[in-house]
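>>> this is a predicted model, with the sequence first.
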Amino acid sequence: MSASARFAPRAVLFDLDGTLLDTIADLADAANLMLAELGRPVRSQEEVHSFVGKGIPNLVRRCMTEGTRATEAEIETAVAVFRRHYAVVNGARTAIYPGVIETLQALRGRDIRLAVVTNKAEAFTLPLLERMGIATHFDTVVSGDTLPVKKPDPATVRLACERLGVAPTEALMIGDSANDALAAQGAGMPVLLVTYGYSEGVPVDTIECDGLLSNALQALDHIVTA
Ligand SMILES: O=C(O)COP(=O)(O)O
Ligand SMILES: [Mg+2]
């Protein structure tokens, strides 16, 4: 894989948490409000950072079980408590990463269709995109509970492509973790990874991909007009 790999995609699919939006402060706040309410020790933002990537049920499970124990019933309750708190704080301390807006505008200017493919549940994804003022950039959104499976299952990116009317091989994925890379690769789609996001404690430069981006704008260096 070359650092200067170039593509002429008809569509670009973006991961959300850690790629478009820096959501970690709100996720950590909701996690710690949940843990405090359940009388459990709170987690550092760094710990929560390494738990993000496979959706809310997995994040809550890890908060409840890493270095400690919880029953399945306790985890189920914790997921409901987390969702109640996250609904309130979702977006409050979230920031759009540098270069994201300019990148979305540049891609739209080239008539490239845009989608979000996230493992975040739809009830939080859609209000967050609205709150951050970026919802109108996207032609479709596939969330963590849109299908019975999440990334890394390639069905997620295939659904986005189907909705956009492009073949997976005509699209490009931009993400921050192995979940994004595996979903794209499973559908035969090239993938670029940002180095500033959340990758479950795995160094992003050890994940097989078609290029690394330290700013979203660098995606444009990999995209040639068809
Ligand atoms: O909700 C998560 O765990 C991660 O969401 P993402 O797929 O947008 O990175
Ligand atoms: Mg992500």
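In hand now; what should we look at? Ligands and ions are numbered 1, 2, ... in the order given.
>>> show me where this structure has helices.
Ranges of helices within the chain are 24-37, 45-51, 56-65, 72-89, 100-109, 122-131, 155-164, 178-186, based on DSSP state H.
>>> quick one: is the fourth one near ligand 1?
No - contact of helix 72-89 with ligand 1 is not found when judged by Cβ under 6 Å from any ligand atom; the minimum separation is 10.3 Å. Every C-beta, even on glycine, is put in place using the N, C-alpha and C of the backbone.
>>> shouldn't Glu37 be in contact with Val81?
Yes - Glu37 is within contact range of Val81, at 5.6 Å (criterion: Cβ atoms under 8 Å).
>>> any chance of the helices of the chain in CSV, with mean neighbour count and mean pLDDT too?
Shown next, in CSV, are the helices of the chain (neighbours: other Cβ atoms under 10 Å; pLDDT from 0 to 100):
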stretch, mean neighbour count, mean pLDDT
helix 24-37, 21, 98
helix 45-51, 17, 97
helix 56-65, 21, 98
helix 72-89, 16, 98
helix 100-109, 17, 98
helix 122-131, 18, 98
helix 155-164, 22, 98
helix 178-186, 24, 98
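>>> save these as a markdown table, and put in distance to Glu170 too.
Output for the helices of the chain, formatted as a markdown table (distance: least, Cβ to Cβ, whole Å):
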| stretch | distance to Glu170 |
| --- | --- |
| helix 24-37 | 32 |
| helix 45-51 | 33 |
| helix 56-65 | 31 |
| helix 72-89 | 35 |
| helix 100-109 | 14 |
| helix 122-131 | 24 |
| helix 155-164 | 8 |
| helix 178-186 | 13 |
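>>> now render those as JSON lines, adding distance to ligand 2.
Converted to JSON lines, these look like this (distance: least, Cβ to the ion, whole Å):
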{"stretch": "helix 24-37", "distance to ligand 2": "10"}
{"stretch": "helix 45-51", "distance to ligand 2": "11"}
{"stretch": "helix 56-65", "distance to ligand 2": "12"}
{"stretch": "helix 72-89", "distance to ligand 2": "16"}
{"stretch": "helix 100-109", "distance to ligand 2": "13"}
{"stretch": "helix 122-131", "distance to ligand 2": "12"}
{"stretch": "helix 155-164", "distance to ligand 2": "12"}
{"stretch": "helix 178-186", "distance to ligand 2": "6"}
